[in-house]
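Undergrad: Predicted model and sequence follow; I will ask about them next.
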Amino acid sequence: MEIDIQKRKIGLNFKENGAAEIRLWAPLAAQVSILIADRELTLQLFDEGYGYWYLQTDQVRKNDQYRFKITSLTDGETLERADPAALFQEEGPNGPSTAFDLNAFSWTDADWKGVDLNNLVIYELHTGTFTPDGDFAAIEAKLDYLVEFGITAIEIMPVAQFSGNRNWGYDGVFPFAVQNTYGGPSSLQHLVNACHAKGLAVILDVVYNHVGPEGNYFSDFGEYFTDKYQTPWGKAINFDDAGCDAVRNYFIENALMWFRDFHIDALRLDAVHAIKDFSPVHILADIKTYTEKLSQTTGRAYQLIAELDLNDERYIRHQSEYGYGMDAQWVDEFHHALRVCTGQVKEGYYSDFNGVADLAKSYQDAYVYTGQYSPHRQRKFGMPLQQVSGAKFVVFSQNHDQVGNRMLGERSSVLVSFEMLKLMAGAVFCSPFLPLIFMGEEWAETNPFQFFVSHSDEELIEAVRKGRKAEFAAFHTHGEIPDPQAASTFEHSKLDWDKTGEPNHKIMLSYYKTLIALRKKHPVLANLDRRNVQAEAFPEQNCIVLRRWKDSEEILALFNFSKQKQTLSIDPSFQHALVLLDSSLTQWNGPNLESNHIVAESQLNLFSESILILYKADA
C-alpha cells in the first residue's frame, strides 16, 4: 500500500460522498468481515494483496459501532476485534470502534502557518490532571491564562486510547484513537482550533516505541511486534523484521494524521532511543520525509521533537547529512546537572553529574556527556555536537518524568527553597535553548504528580505495583510508594488552581511571567545561536557566570546555588550595567532591599540561591 499524503488510507474513513472506505492489514487472516452489531450487518472485505483487506461501501454510517471478524489462516478459528486504526473507542479499548468522520469538523485556522521553533515557550500538561474536570474542554477554558502568561505552545501528554480513565498516556493501545474520557477526537480538534485562534501552537506527545498492555490485540492481526529486540515496557515494534512494511506505514500514517487532520503543530516522539530499527532508512527519517511532503502540500510548518537519551547528533542532523532529521530533542542532562546544583541527592542517574561544572558545560555544549566516561553507565558515552542552533534543544527544570518518576512524585517546590525555585527557573530561561515549563511549576504548585493507572486486569495491576517498587532500587528513597491503581493517587496529582491567588504562589507566578517576557523581548536572550555563549563554573562557590551576546549587546547572568553570599569577579565593563532581573529583591519575596551588588571595581556580591542578570550595549 502506498501512503497518500492527502488522506488517511488505513482503518475506516469516509469519502466526500458519504461512502466508507475500509482497509485493514491482517496477513494472518483467511477472511475478514466488518460487523455492525446494532443493525446485524456483516460485510465481507476483499483481499487486496500483501496482507491488506479492503471494502468500499455506503452501508456503514457515521457513528456506527463496528468490529472486524477475522478468520485465522492457520486454524480456521474466528476472532472479533476492534479496528487497530480506530479513531474513536467510545467504550474504551475492549469495546467496539466508532466510525468517525475526520473531515466533519469546520476548521477556522486557515491563516495559521505553524510556529518557528525559535519562538517556542512550551507548557507541558496532562489532560486529566491539568484541571478539575480533566478533559479537552476544560483546557480550552484555561487558554486565556496561558496566553496572558506568555506561553506560545502547549504540549499535551499522550491522548491515544488507554484502559480506564486514569493514565499518564504511555499505555495507549489504539494509537489513532483519542481518549474517550478526554472528549474524543472531535473535542481534540476543537481544542487545537481554539489554540490557533489565540496564537498558541499545539505539540502532541506520541508513543512509537511500544504499545500498552491492556486491550493490545495487535498480534491477532499481523507481525506488529518483533522478538529481535525488547524495550523496558514490553515487545519492540516491528520496524525492520519480516512484515515491517505495513507496520512502518501504520506509524507514518499516524504522524501524518495528527498534522493533517488534527492540525497539530509538532509531535514529541517519546523515548526514540527505544525504537529499534536497522533498516537502511530509519523509521524516524521516513516519518520526517513524509512530514516534509505534507508541509509542502499544506504550506504549514510541522516539527518533530524527540525525547532522546543517547547524546547522538545523528537524530537531529539533517537528512542531507545522513541524519534522521528530527527538528529538536529534549536534553535531560541539563535538568540532571541543574538538580545536582541545587544540592539534591546524587542517586541513580544523578550520580553522574557534578553540579555547576556540568551545568556550565550544558550551556555551551547542550550535552554534558560528549564522549567521556560515565560512572553510572560504566562506559564512555555521548559525542560532541556540531549543531549550532539552540533551537534544536528543549530544556527544563521539571517535566512529567522528572517529577512523576520520583517515588512520591514530589515537585521541586517541596524539595528546595522558594529562592532556589526562582534560581532554577532563571537558569532555564537564560539558556540558549527552548524552555519548557511543567504545568503548575509557574506558581510553585505543591501537589505531587504521581504515577497512576486504571487497569482492569488484576494480574496487570499487581505487576505494575511490583514494577514501580523495583524502579526505585537505585534511589533508596524511604516511605510507602503511592498505589498507581488507587483513584486517590490520581486525585492528589491534580493542580490546585486556588493557589494562584495565594501570596507566595502569586509572587512566583508574576516572577515566571517576568522571566518569559524578558526571554521573548530581549534580543540577546531570544537569540539561540550557541556560538554566542560562554559559561564559567566556580565549583568552590557553587556559582556560574553565563555570558551571552548578540552584535553589540551583551548580558551577564550570575547564578549562586550556594546557601551563602558569594563575591564574584566580573568584567569591569559590567560595573555600571543595567539590572534586567534580580531574584533576591523583596519584590520577589527575596532578602534584598536594593539591587546594587557592586562592592568594588570588578567585584560583585551575589545573594545566596539567587540569579542576577546584567545587560550592557557597546556604544
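TA: Good, I have the coordinates. Numbers count the residues shown, from 1 in each chain.

Undergrad: Just the buried residues of stretch 459-469, please?
TA: Going by neighbour count (16 or more other CB atoms under 10 Å), the buried part of stretch 459-469 is 460-461, 464, 468. (Glycine included, C-beta is placed from N, CA and C.)

Undergrad: and which of those residues is nearest Val340?
TA: Nearest to Val340 among the buried residues of stretch 459-469 is Arg468, at 24.4 Å by CB to CB.

Undergrad: any idea how far that closest one is from Gly404?
TA: Arg468 sits 11 Å away from Gly404, going by CB to CB, to the nearest Å.

Undergrad: and for the two, which residues touch both?
TA: Residues touching both Arg468 and Gly404 by CB atoms under 8 Å, 6 or more residues apart in numbering: Phe451.

Undergrad: So Lys494 sits against His126, correct?
TA: No: judged on CB atoms under 8 Å, Lys494 makes no contact with His126 at a distance of 9.3 Å.

Undergrad: Show me which of the two is the more surrounded one.
TA: Neighbours were tallied for Lys494 and for His126 using other CB atoms under 10 Å; the higher tally belongs to His126 (23 against 19).

Undergrad: Tell me who's in contact with the more buried one.
TA: His126 touches 157, 168-169, 400, 439, 449, 493, counting by CB under 8 Å, 6+ apart.

Undergrad: Quick one: which of the residues you listed is the most crowded by neighbours?
TA: Phe449 leads these on contacts (other CB under 10 Å) with 28 neighbours.

Undergrad: My guess is Ile264 contacts Ile203. True?
TA: Yes: Ile264 is within contact range of Ile203, at 7.4 Å (criterion: CB under 8 Å).

Undergrad: quick one on the thing from earlier: now distance to Arg317, pLDDT and secondary structure too, for the contacts of His126, in JSON lines please.
TA: Output for the contacts of His126, formatted as JSON lines (distance: CB to CB, whole Å; pLDDT from 0 to 100; DSSP: H, G, I helix; E, B strand; the rest coil):
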{"residue": "Met157", "distance to Arg317": "27", "pLDDT": "98", "secondary structure": "coil"}
{"residue": "Trp168", "distance to Arg317": "30", "pLDDT": "97", "secondary structure": "coil"}
{"residue": "Gly169", "distance to Arg317": "29", "pLDDT": "96", "secondary structure": "coil"}
{"residue": "His400", "distance to Arg317": "27", "pLDDT": "96", "secondary structure": "helix"}
{"residue": "Met439", "distance to Arg317": "32", "pLDDT": "98", "secondary structure": "coil"}
{"residue": "Phe449", "distance to Arg317": "33", "pLDDT": "97", "secondary structure": "coil"}
{"residue": "Ser493", "distance to Arg317": "37", "pLDDT": "98", "secondary structure": "coil"}
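
Undergrad: What ranges does the stretch 401-550 of the chain have for its strands?
TA: Taking DSSP state E, counting those that start in this stretch as the criterion, the stretch 401-550 of the chain carries its strands at 434-438, 533-538, 543-550.

Undergrad: now the second one and strand 543-550, what's the angle there?
TA: Strand 533-538 and strand 543-550 are oriented at 170 degrees to each other (axes from the mean of the first three to the mean of the last three CA atoms, to 10 degrees).

Undergrad: now the shortest one
TA: Note on geometry: by the same axes, to 10 degrees, strand 434-438 and strand 543-550 are set 130 degrees apart in direction.

Undergrad: ok, the contacts of His126 vs Tyr54, which is closest?
TA: Set against Tyr54, the nearest of the contacts of His126 by CB to CB is Gly169 (31.5 Å).

Undergrad: give me every residue that touches that closest one.
TA: Taking CB under 8 Å, 6+ apart as the contact definition, Gly169 lies against 126, 157-160, 162, 179, 205, 207.

Undergrad: cool, and Lys494?
TA: So Lys494 contacts 129, 131-132, 134, 447 (CB under 8 Å, 6+ apart).

Undergrad: circling back to that earlier point, now the two most distant members of the buried residues of stretch 459-469.
TA: Top of the distance list for the buried residues of stretch 459-469 (CB to CB): Leu460 and Arg468, 12.6 Å.

Undergrad: Output the contacts of His126 in TSV, with distance to Glu2 appended to each entry.
TA: Output for those, formatted as TSV (distance: CB to CB, whole Å):
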residue	distance to Glu2
Met157	33
Trp168	35
Gly169	31
His400	37
Met439	41
Phe449	43
Ser493	44
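
Undergrad: Kindly indicate which of those lies nearest Leu581.
TA: Met439 (23.4 Å).

Undergrad: need the contact list for Tyr123.
TA: Counting by CB under 8 Å, 6+ apart, Tyr123 has contacts 146, 151, 153-155, 436-437, 439.

Undergrad: With Ser389 instead?
TA: Per CB under 8 Å, 6+ apart, neighbours of Ser389: 118, 528-530.

Undergrad: Name the spans of the stretch 201-350 of the chain whose pLDDT lies under the cut-off.
TA: Across the stretch 201-350 of the chain, nothing is flagged by pLDDT under 70.

Undergrad: Show me the shaky parts of this structure.
TA: 473-478, 595-596, 599, 619.

Undergrad: residue boundaries of the helices in it?
TA: Taking DSSP state H to define them, one finds helices in the chain at 127-130, 136-140, 143-149, 184-197, 244-262, 283-298, 332-341, 356-365, 400-404, 418-429, 458-471, 487-492, 503-521.

Undergrad: closest to Tyr54 out of the ones you listed?
TA: helix 244-262 (13.2 Å).

Undergrad: quick revisit: if we take the contacts of Tyr123, which one ends up nearest to Lys513?
TA: Using CB to CB, the contacts of Tyr123 come closest to Lys513 at Ile151, 10.1 Å.

Undergrad: Phi, psi for that closest one please.
TA: phi -70, psi 140 (degrees, to the nearest 10).

Undergrad: Wait, it touches Val121, no?
TA: Yes: under the criterion of CB under 8 Å, Ile151 makes contact with Val121 at 5.5 Å.

Undergrad: now the closest residue to Asn527 other than its chain neighbours, which residues is it bridged with?
TA: Nearest residue to Asn527, sequence neighbours excluded (CB to CB, 6 or more residues apart in numbering): Lys550, at 4.4 Å. Counting by DSSP bridges, Lys550 is bridged to Glu553.

Undergrad: can you pull the contacts of Lys550?
TA: Contacts for Lys550 (CB under 8 Å, 6+ apart) come out as 523-524, 527, 529, 532.

Undergrad: now the residues you listed: which count as buried?
TA: Looks like the contacts of Lys550 have 524, 527, 532 buried, using 16+ other CB under 10 Å.

Undergrad: Make sure the first one is actually in contact with Trp549.
TA: Looking back up the chat, that one is Val524. Yes: Val524 is in contact with Trp549 according to CB under 8 Å; the separation is 6.2 Å.

Undergrad: if I look at these two, which residues touch both of them?
TA: Joint contacts of Val524 and Trp549 (CB under 8 Å, 6+ apart) are Ile555.

Undergrad: what number of residues lie near the nearest residue to Gly440 once chain neighbours are set aside?
TA: Residue nearest to Gly440 in three dimensions, not counting chain neighbours: Leu495, with 4.6 Å by CB to CB, 6+ apart. Using other CB under 10 Å, Leu495 is surrounded by 20 other residues.

Undergrad: Check the gap between Leu495 and Leu304 for me.
TA: As judged by CB to CB, Leu495 and Leu304 stand 29 Å apart.

Undergrad: now swap in Val121 and tell me
TA: 19 Å.

Undergrad: And the two? Which one has more around it.
TA: Leu304 (25 against 19).

Undergrad: How about that one: which residues does it bridge to?
TA: Leu304 forms beta bridges with Leu267, as assigned by DSSP bridges.
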